[in-house]
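**Q** sequence and predicted structure are below.
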Amino acid sequence: MEIDFENPGTFRLIHGGATEVVEELLLTPAELIRRCSLRPVDTLAWSEFVRRFSPTIRVSIEQSLQLQETQGELNLPNQEAMMATLMRRVYVKLTEQRCLALRQLEVTNIAGLKVFLQMVALRVVREFLRHQE
């Protein structure tokens with residue numbers, strides 16, 4: 001499964017070379033995390049995860065980058081390309097080691113999951129900027 005961010009706020013899931021159209025799932029955060037952690041990959045669950053939480057991840061990345069800009073530590077010539085890269089890196093972090101971060105996560109509500117995703121996004125931005133220096 002690959003998540004391809006071509007435009008801000010949009011995505012498509014590519015699995016086996018074909019783009020899938022998926023429907024909305026109504027799952028609790030705990031059930032959604034459980035299904036995203038399964039192997040083989042649950043494309044429908046990941047589609048729902050991306051639909052629900054990409055805005056949270058995107059805003060967290062934007063806020064982290066803006067903070068760095070206001071402190072004079074960053075000049076963003078191509079912000080959209082950087083945003084796409086950082087979004088992909090957050091999802092890579094979430095899926096590393098067979099979704100270890102998600103499997104170890106113990107949240108039962110959306111607020112807790114959003115805080116977790118904000119922290120992952122912040123770490124990804126910091127790591128990215130450290131390597132840009």
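**A** That came through fine. Residues are numbered from 1 along each chain as shown.
**Q** in the chain, where's the longest helix?
**A** Taking DSSP state H as the criterion, the chain has its longest helix at helix 43-70.
**Q** which other helices and strands contact the very next helix or strand once past that one?
**A** Under the assignment DSSP states H and E, the closest C-terminal helix or strand after helix 43-70 is helix 79-104. Secondary-structure packing of helix 79-104 (3 or more C-beta pairs under 8 Å, 6 or more residues apart in numbering; DSSP states H and E): strand 2-4, helix 29-36, helix 43-70, helix 110-132. (Glycine included, C-beta is placed from N, CA and C.)
**Q** about what we covered before: mind giving me the packing neighbours of the longest helix of the chain?
**A** If you count contacts as 3+ C-beta pairs under 8 Å, 6+ apart, helix 43-70 packs onto strand 12-15, helix 29-36, helix 79-104, helix 110-132.
**Q** just name the most buried of the ones you listed.
**A** Highest mean neighbour count of the helices and strands packed on helix 43-70: helix 29-36, a mean of 18 (counted as mean count of other C-beta atoms under 10 Å).
**Q** so that helix versus helix 43-70, what angle?
**A** With axes from the mean of the first three to the mean of the last three C-alpha atoms, to 10 degrees applied, the angle from helix 29-36 to helix 43-70 works out at 110 degrees.
**Q** what about helix 29-36, distance to the chain center?
**A** 15 Å (C-alpha atoms, centre = their mean, to the nearest Å).
**Q** pLDDT on that helix, on average?
**A** Computed over helix 29-36, the mean pLDDT rounds to 90.
**Q** pretty sure C99 sits against R34.
**A** No - between C99 and R34 there is no contact under C-beta atoms under 8 Å: 10.0 Å.
**Q** show me where pLDDT drops low in this structure?
**A** The model of the chain has pLDDT under 70 over residues 1-25, 71-77, 133.
**Q** how close does T28 sit to T43?
**A** 19 Å (C-beta to C-beta, to the nearest Å).
**Q** pick out whichever of these two has more residues nearby.
**A** Each of T28 and T43 has its neighbours counted (other C-beta atoms under 10 Å); T43 has more, 15 against 11.
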